[in-house]
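Colleague: I'll drop the sequence and a predicted model, then ask my questions.
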Amino acid sequence: MNEPVVFLPGMMCDARLFEPQLRALSATHPVMVAPITHGQRIEEIASNLLTALPQKFALAGLSMGGVVAMEVLRRAPDRVTRIALMDTNCLAETPPVAADREPQIIKVKAGKLTDVMRDALKPIYLAPGPRRPAVLQTMMDMAQTLGPEVFITQSRALQRRRDQQSTLRKIRQPALVLCGAHDALCPVKRHSFMAELIPHARLVVLDDAGHLPTLETPDETNDALWEWLHQPYVLR
């Protein structure tokens, strides 16, 4: 049997973020989406995941899911058979960005989650085109399902996240670094930097996607993931 594939969604996202990938890969691989909603810190979220995940698995994370994926890999490199990091960031949160989260948290505590999410999901984060309204609506739906407490907890976890450059330098598993060309939140140059840190990493930039390529350009994302899942193992 092929190795299990574990997807980790972004902030305020659930399995709907990976619906096209679940459909495409489930015929050949055991596939699951693991929530990143349990824990006050990235380290705690990763630790909780490791108690529930298979003994060996391929790991793919998008945005905050990528941040958690790097921590999972740091803690249990022998359990991760391959790693895909999509539209994410290996660096610690900067003080200005961490400070910018405080007004959002205050508004969410005041019952304004919808307003905060509308502002956070700026159209510039997504590629222009006919898919954008539907993708934005899916994001709003996921956020409403998860609710304000998850927003606050995840915001705090991101504020305190560690730098993972050293983790990337140690990767010997097949590695995919993927992003949308229109991603203004985690831009292409950040992914080029990450790919340079990882030995033998493959960098894929999708011209018609922004921050959420799994929904914006599902076919192209699936093709990249399929190639990653069939990439030969790198000698340790």
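Modeller: Noted; the coordinates are in hand. Keep in mind that this is a model prediction, so the values were computed, not measured.
Colleague: Please report the distance of the residue lying closest to Met139 once chain neighbours are set aside from Gly10.
Modeller: Excluding the flanking residues, the one nearest Met139 by CB to CB, 6 or more residues apart in numbering is Leu121, at 5.4 Å. Every C-beta, even on glycine, is put in place using the N, C-alpha and C of the backbone. Look at Leu121 and Gly10: by CB to CB, to the nearest Å, they are 11 Å apart.
Colleague: between those two, which one's more packed in?
Modeller: Set Leu121 next to Gly10 and count neighbours by other CB atoms under 10 Å: Gly10 wins out with 26 against 20.
Colleague: any chance you could read off phi and psi for that one?
Modeller: phi -80, psi -180 (degrees, to the nearest 10).
Colleague: count of residues packed around the spatially closest residue to it that is not a sequence neighbour?
Modeller: Distance criterion CB to CB, 6+ apart; nearest residue to Gly10, sequence neighbours excluded, is Ser63 at 3.2 Å. Using other CB under 10 Å, Ser63 has 26 other residues around it.
Colleague: On the three-state scheme, the residue nearest to Leu91 when sequence neighbours are not counted is what?
Modeller: Nearest non-adjacent residue to Leu91, counting by CB to CB, 6+ apart: Asp163, 5.7 Å away. In three-state terms, and counting by DSSP: H, G, I helix; E, B strand; the rest coil, Asp163 is coil.
Colleague: One more: Arg82?
Modeller: Per three-state DSSP, Arg82 ends up strand.
Colleague: Test my guess that it contacts Trp228.
Modeller: Yes. If you go by CB atoms under 8 Å, Arg82 and Trp228 touch, sitting 6.5 Å apart.
Colleague: quick one: the lowest-mean-pLDDT helix or strand in the chain to chain centroid distance?
Modeller: One helix or strand of the chain scores below all others by mean pLDDT, DSSP states H and E: helix 113-120, with a mean of 88. On the basis of CA atoms, centre = their mean, to the nearest Å, helix 113-120 is displaced by 20 Å from the centre of the chain it belongs to.
Colleague: Buried residues, that helix. List them.
Modeller: Of all the residues in helix 113-120, those buried under the rule 16 or more other CB atoms under 10 Å are Leu113, Val116, Met117, Ala120.
Colleague: can you count the residues close to Ala127?
Modeller: Neighbour number of Ala127 under other CB under 10 Å is 23.
Colleague: Just to check, it is in contact with Cys179?
Modeller: No. In this structure, Ala127 is not within contact of Cys179 by CB under 8 Å, at 11.4 Å.
Colleague: hey, what's in contact with both of those two?
Modeller: Here Ala127 and Cys179 have Ala209 as joint contacts, going by CB atoms under 8 Å, 6 or more residues apart in numbering.
Colleague: Count the neighbours of Leu136 for me.
Modeller: 19.
Colleague: Now name the helix or strand holding it.
Modeller: Secondary structure from DSSP states H and E places Leu136 in helix 132-146.
Colleague: Between helix 132-146 and the helix or strand that comes right after that helix, find me the angle.
Modeller: For helix 132-146, the following helix or strand on the C-terminal side (DSSP H and E) is helix 148-159. Helix 148-159 runs at 100 degrees relative to helix 132-146, counting by axes from the mean of the first three to the mean of the last three CA atoms, to 10 degrees.
Colleague: list the buried ones in helix 148-159?
Modeller: Buried positions in helix 148-159, judged by neighbour count with 16+ other CB under 10 Å: Pro148, Val150, Phe151, Ile152, Thr153, Gln154, Ser155, Ala157, Leu158, Gln159.
Colleague: Helices of the chain, start to end?
Modeller: 19-25, 42-52, 64-75, 95-109, 113-120, 132-146, 148-159, 165-169, 188-197, 213-216, 218-229 (DSSP state H).
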